[in-house]
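Trainee: here is my input, please return the structure:
(2 chains)
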Amino acid sequence: MRIEVDGLRVAYDGRTVVAGVNLLAAPGEITGLIGPNGSGKSSVLRTVYRHLRPAAGRVLLDGTDLAALAPARAARHVAALPQERGGDFELTVREVVAMGRTPYKRAFAGEDEKDRRIVADALERVGMTRYGGRRFSALSGGERQRVLLARTLAQDPDVLVLDEPTNHLDVRHQVELLALLRAQHRTTLVSLHDLNAAASVCDRLHVLHAGEVVASGTPLEVLTPHLLAEVFGVRAAVIEHPLTGDPLIAFDHTATAAETPS
Amino acid sequence: MSAASSPTRTARAAGPSPTKAGERGPRTVPVVWLLASLAVALLLSLTAAVSWGSSGVPFGEVWSTVLHRVTGGQPRPGTQDLIVWQLRVPRALLAALVGAGLGIVGTAVQALVRNPLADPYLLGISNGASLGAVAAIVLGTTTGGLFGVGVSGAAFLGALLSFGLVWAVARRGGGFSPLKLVLAGVAIGQFLSGFTSYLVLRVGDEQQTQGVLFWLMGSLGGAQWSTLVLPAGAVLLGLVALQARARGLNALLLGDETAAGLGVDVVALRRELFVVTSVLTGVLVSVSGAIGFVGLMVPHLCRLVIGGDHRRLLPVSALTGAVLLVVVDIVCRTALPSMELPVGVVTAFVGAPVLLFLLDRRLERG
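Mentor: This is a model prediction of the structure:
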């Protein structure tokens, strides 16, 4: 299924943080949102998984306005991995993953055989089957993100929405998580800080700057030295990655774009 | 797109790491057995509560008296019927109800504000109830029992007042966020406590002081059959209402955004939880005073044994709270020959060490 963000405006206490964003996440593709801090990436994603209400505009799922669906109904289509750390409440890994079944269950309903199979399958897909009985809060950051990804998979969604899922992970765990993401072959909308990770993992990128989309296209089209200077304020060369052939951004860490006469 | 390493390979590459202490999940006891054991423990503790006291009644006679009255028999002559049926059974049942209620409210409030150190009194409801009760005791003699609602009625009105104020503050800005709830609850609670302290200072005679103190520390002494109906209904309805929202409570533990992504209407859920927990707290405090530590301790103990899933945690907390408070009340009535201890004193003596133990365990995990 495809997600279309149409004329989206988001405001906190009257302050506009997203001003008329249009973007598209095509079926089966990984669509990346990049942009400097405060550019509105998280706010766009939060309206897609319905934590925030749009001040104007719509989020369409195959043409249907998500806001018109009941919350649980929408959650069967769109699953989210936000940037937040819950409290420590003695939950096991399996219990956390089983929460993905929430939108499918009525009050008082227990887990049935199908739920258990889906939860086991989700754990299997992220390679965490043997961790099922562990305490969630005792896991490392990388393990935790994989479990939370499994929770979104247990939700059996058409669309995955992830807000900086590789934050605070070391390089190897970043690579693992992004590989897992690609292996799901679902419509995915993900914000990423690491531009090189975005360049290699995303099919398309949307660049946000001050609440607006300033560029859209394939990583090769979007990630130009000019854009990096304009939007991110850095001096960089874009070369071909010697191992993968993806665009590789080589930053100049000694000077910002403003300090460099062009 | 170029191929990075294959996902199956990366998934397999991360094998299980060695298990450290505290990593294992807490849930080792099947919930059905636990609930059954707790039910048996509750029956035993209730029996003991009726049996033991200043004049002992054997277990067998406890049950024969109770069964006789339950099956519609006329009161037998003598003091035994009075002691068992009129005094001790209602009191033991009230202890069980209040304990169960505090257990589930504590569990729900901890999830509501996503803080394991929250308790039923965090949101200011009990402060309002205390103000109402103390006002009734202190001013009662001059204003005809404070509009004739009695101490419990005045306490419930106070709880409603407090609820209304906290609601008005916490709902602003599309809210009921944990932080707003806690800040509003603490601020308004302290504000109302100020009035209570002022009233306590104005207390005229010693008997009134006794009454106020006993009420503020919590007491089950006022139990009668007629006063059981309200808490019984409230606890039952509260348990059903919370159990129906158990999945939502679970989702709140992971965070508001996660809950929203799971299809939970977070603001509506918080609003409902705030109403349910406040009404239940108001009822409990108005029949027994603000009995401390039970609502804080019981959810923790239960999580250690059964884990954090509210579908199991709520019924287990209800039964555990019931057993705990019945046992505590036995101690209160029998520990000292000369006087009855306030129930809040004993729960504090039990609760503080338990809390320190839990804190220690938490620090150990880092």
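Trainee: what's the per-residue pLDDT of the most centrally placed residue in chain A here?
Mentor: Note on chain A: the residue nearest the mean C-alpha position is A:Leu162, at 2.0 Å, using C-alpha atoms, centre = their mean. Per-residue pLDDT puts A:Leu162 at 97.
Trainee: my guess is it meets A:Gln184, correct?
Mentor: No - contact status for A:Leu162 versus A:Gln184: not in contact, 10.8 Å apart, counting by C-beta atoms under 8 Å. Any C-beta I mention is one placed from the backbone N, CA and C, and that applies to glycine too.
Trainee: tell me the secondary structure at the closest residue in space to A:Asp170 that isn't next to it in sequence.
Mentor: Distance criterion C-beta to C-beta, 6 or more residues apart in numbering or on different chains; nearest residue to A:Asp170, sequence neighbours excluded, is A:Gly142 at 7.2 Å. Classification of A:Gly142 by DSSP: H, G, I helix; E, B strand; the rest coil places it in helix.
Trainee: for A:Gly142, grab the count of nearby residues.
Mentor: Applying other C-beta atoms under 10 Å in any protein chain shown, we find 18 other residues in the vicinity of A:Gly142.
Trainee: cool, A:Asp115 as well?
Mentor: A:Asp115 has 17 nearby residues by other C-beta under 10 Å.
Trainee: what does the stretch 101-250 of chain A put close to chain B?
Mentor: Applying C-beta under 8 Å from any C-beta of the partner chain, one finds that the stretch 101-250 of chain A approaches chain B through A:102-103, A:105, A:107-108, A:110, A:125-127, A:130-131, A:133-135, A:138-140, A:142-143, A:146, A:152, A:155, A:161, A:175-176, A:178-180, A:182-183, A:200-201, A:203, A:241, A:244-246.
Trainee: sorry, back to before: hang on, the residue nearest to A:Asp170 packs against A:His173?
Mentor: Yes - look at A:Gly142 against A:His173 with C-beta under 8 Å: they come within range, at 3.3 Å.
Trainee: separate out the buried members of the residues of the stretch 101-250 of chain A next to chain B.
Mentor: A:102-103, A:125-127, A:131, A:133-135, A:138-139, A:142-143, A:146, A:152, A:155, A:161, A:175-176, A:178-180, A:182, A:200-201, A:203, A:246 (16 or more other C-beta atoms under 10 Å in any protein chain shown).
Trainee: show me what from the stretch 51-200 of chain B comes close to chain A.
Mentor: Checking the stretch 51-200 of chain B against chain A by C-beta under 8 Å from any C-beta, the hits are B:Gln110, B:Ala111, B:Arg114, B:Asn115, B:Pro116, B:Gly173.
Trainee: on the three-state scheme, the fifth one is what?
Mentor: Remark: B:Pro116 carries the secondary structure label coil [criterion: three-state DSSP].
Trainee: cool, and the last one?
Mentor: Secondary structure assignment for B:Gly173 (three-state DSSP): coil.
Trainee: for the chain, which segments count as strands?
Mentor: Picked chain A for this. A:3-12, A:15-25, A:30-34, A:56-61, A:64-65, A:78-81, A:159-163, A:187-191, A:204-209, A:212-217, A:234-240, A:247-256 (DSSP state E).
Trainee: make CSV from those and add distance to B:Gly185 to it.
Mentor: Converted to CSV, the strands of chain A look like this (distance: least, C-beta to C-beta, whole Å):
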stretch, distance to B:Gly185
strand A:3-12, 24
strand A:15-25, 28
strand A:30-34, 38
strand A:56-61, 35
strand A:64-65, 37
strand A:78-81, 29
strand A:159-163, 30
strand A:187-191, 35
strand A:204-209, 38
strand A:212-217, 41
strand A:234-240, 47
strand A:247-256, 47
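Trainee: quick one: closest of those to B:Ser54.
Mentor: strand A:78-81 (61.1 Å; C-beta to C-beta).
Trainee: circling back: joint contacts of A:Leu162 and A:Gln184?
Mentor: By C-beta atoms under 8 Å, 6 or more residues apart in numbering or on different chains, A:Leu162 and A:Gln184 have no common neighbours.
Trainee: which positions within stretch B:328-340 qualify as buried?
Mentor: For stretch B:328-340, using 16+ other C-beta under 10 Å, the buried residues are B:Val328, B:Asp329, B:Ile330, B:Val331, B:Cys332, B:Arg333, B:Glu340.
Trainee: for stretch A:184-199, same thing?
Mentor: Quick answer for stretch A:184-199 (16+ other C-beta under 10 Å): A:184, A:186-192, A:194-199.
Trainee: one more: stretch B:168-179?
Mentor: B:Val169, B:Ala170, B:Arg171, B:Gly175, B:Phe176, B:Ser177, B:Pro178.
Trainee: near chain A, which residues of the stretch 201-350 of chain B are found?
Mentor: Residues of the stretch 201-350 of chain B lying near chain A (C-beta under 8 Å from any C-beta): B:243-248, B:250-251, B:253-258, B:260-266, B:303-304, B:307-309, B:311.
Trainee: try it again with 6 Å
Mentor: Contact residues (C-beta under 6 Å from any C-beta of the partner chain) of the stretch 201-350 of chain B with chain A: B:244, B:247, B:250-251, B:253-255, B:257-258, B:260-263, B:265, B:303, B:307-309.
Trainee: counting neighbours, which of these end up buried?
Mentor: B:247, B:250-251, B:253-255, B:257-258, B:260-263, B:265, B:303, B:307-309.
Trainee: what's the local residue count around A:Pro247?
Mentor: Neighbours around A:Pro247, by other C-beta under 10 Å: 21.
Trainee: hey, what's it bridged with?
Mentor: A:Glu240 (DSSP bridges).
Trainee: what sits against it?
Mentor: Residues near A:Pro247 by C-beta atoms under 6 Å, 6 or more residues apart in numbering or on different chains: A:Ala199, A:Pro219, A:Leu220, A:Leu223, A:Val238.
Trainee: against A:Pro54, how distant is the third one?
Mentor: Remark: distance between A:Leu220 and A:Pro54 (C-beta to C-beta, to the nearest Å) = 31 Å.
Trainee: when the two are compared, which one has more neighbours?
Mentor: A side-by-side neighbour count of A:Leu220 and A:Pro54, using other C-beta under 10 Å, places A:Pro54 first with 23 against 13.
Trainee: gap between that one and A:Asp6?
Mentor: If you go by C-beta to C-beta, the gap between A:Pro54 and A:Asp6 works out to 9 Å.
Trainee: okay, now the unreliable bits of chain B?
Mentor: B:1-29, B:140-149, B:174, B:362-366 (pLDDT under 70).
Trainee: name the helix or strand for B:Leu359, please.
Mentor: B:Leu359 belongs to helix B:343-365 when assigned by DSSP states H and E.
Trainee: what comes up buried for that helix?
Mentor: B:Val343, B:Gly344, B:Val345, B:Val346, B:Thr347, B:Ala348, B:Val350, B:Gly351, B:Val354, B:Leu355, B:Leu358.
Trainee: pretty sure the first one contacts B:Ile330?
Mentor: No - under the criterion of C-beta atoms under 6 Å, B:Val343 is not in contact with B:Ile330, lying 10.5 Å apart.
Trainee: and stretch A:247-256, what's buried?
Mentor: So for stretch A:247-256, counting by 16+ other C-beta under 10 Å, buried means A:Pro247, A:Leu248, A:Ile249.
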